[in-house]
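>>> Sequence first, predicted model second:
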Amino acid sequence: MADVFAAISDPTRRGLLDVLAGGRRNAGELAARFPRLTQPAISRHLKVLREAGLVKVEVAAQHRIYELDPEGLMELYAWVAKYQAMWPDALDSLERYLDATAARRRKR
């Protein structure tokens, strides 16, 4: 199995995951979303995602239907979850800063 983090390091592959978050798509539909790339380039990106366990593929006649693989996404979720506990404090700090900045601007 390929490294999940290496797989998502590429912006095109992250874009493919974003499209697939909206539901199953065949390879042609996915390629149409990336007009600057060739069909073979999209296929290579999908292969990396498949080998990393982030997407599943179903063969239906001559079509390959791709969808997100929730099990593969669990590794990403588990990693992000470790840091999620820090977010409320950081967001509270940001809110205080923005409130103070807005208050200073109102005084001007």
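Arrived safely, thanks for sending.
>>> so how many other residues sit close to Lys47?
Number of residues near Lys47 (other CB atoms under 10 Å) recorded here: 13. The C-beta positions use only the backbone N, C-alpha and C, and glycine is treated the same way.
>>> cool, the one 5 residues further on as well?
A count of nearby residues for Ala52, using other CB under 10 Å, gives 21.
>>> Tell me how far it lies from Leu16.
Between Ala52 and Leu16 the computed distance is 12 Å (CB to CB, to the nearest Å).
>>> my guess is Gln39 meets Ala31, correct?
Yes - contact criterion CB atoms under 8 Å: Gln39 and Ala31 qualify, at 5.0 Å.
>>> More neighbours: these two, which one.
When Gln39 and Ala31 are compared for neighbours, Ala31 comes out ahead with 20 against 13, by other CB under 10 Å.
>>> Can you check the pLDDT for that one?
Ala31 carries a pLDDT score of 95 in this model.
>>> Offset the numbering so it begins at 796, please.
I'll keep to 796 as the first residue from here, and by that count the last item is Ala826.
>>> How far does the one helix or strand it maps to sit from its chain's centre?
For Ala826, the host element (DSSP states H and E) is helix 822-827. Centre-to-centre, helix 822-827 and its host chain are 17 Å apart (CA atoms, centre = their mean, to the nearest Å).
>>> who does it touch, helix- and strand-wise?
The contact analysis (3 or more CB pairs under 8 Å, 6 or more residues apart in numbering; DSSP states H and E) places helix 822-827 against helix 806-815, helix 834-846, strand 858-863.
>>> can you redo these as CSV with mean pLDDT and distance to Ala876?
Shown next, in CSV, are the helices and strands packed on helix 822-827 (pLDDT from 0 to 100; distance: least, CB to CB, whole Å):
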stretch, mean pLDDT, distance to Ala876
helix 806-815, 96, 18
helix 834-846, 96, 21
strand 858-863, 95, 18
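>>> right, so of these, which gets closest to Ala822?
Taking CB to CB, strand 858-863 is the member of the helices and strands packed on helix 822-827 nearest to Ala822, at 4.8 Å.
>>> which residues sit against that closest one?
812, 815-816, 818-823, 825, 841, 849-854 (CB atoms under 8 Å, 6 or more residues apart in numbering).
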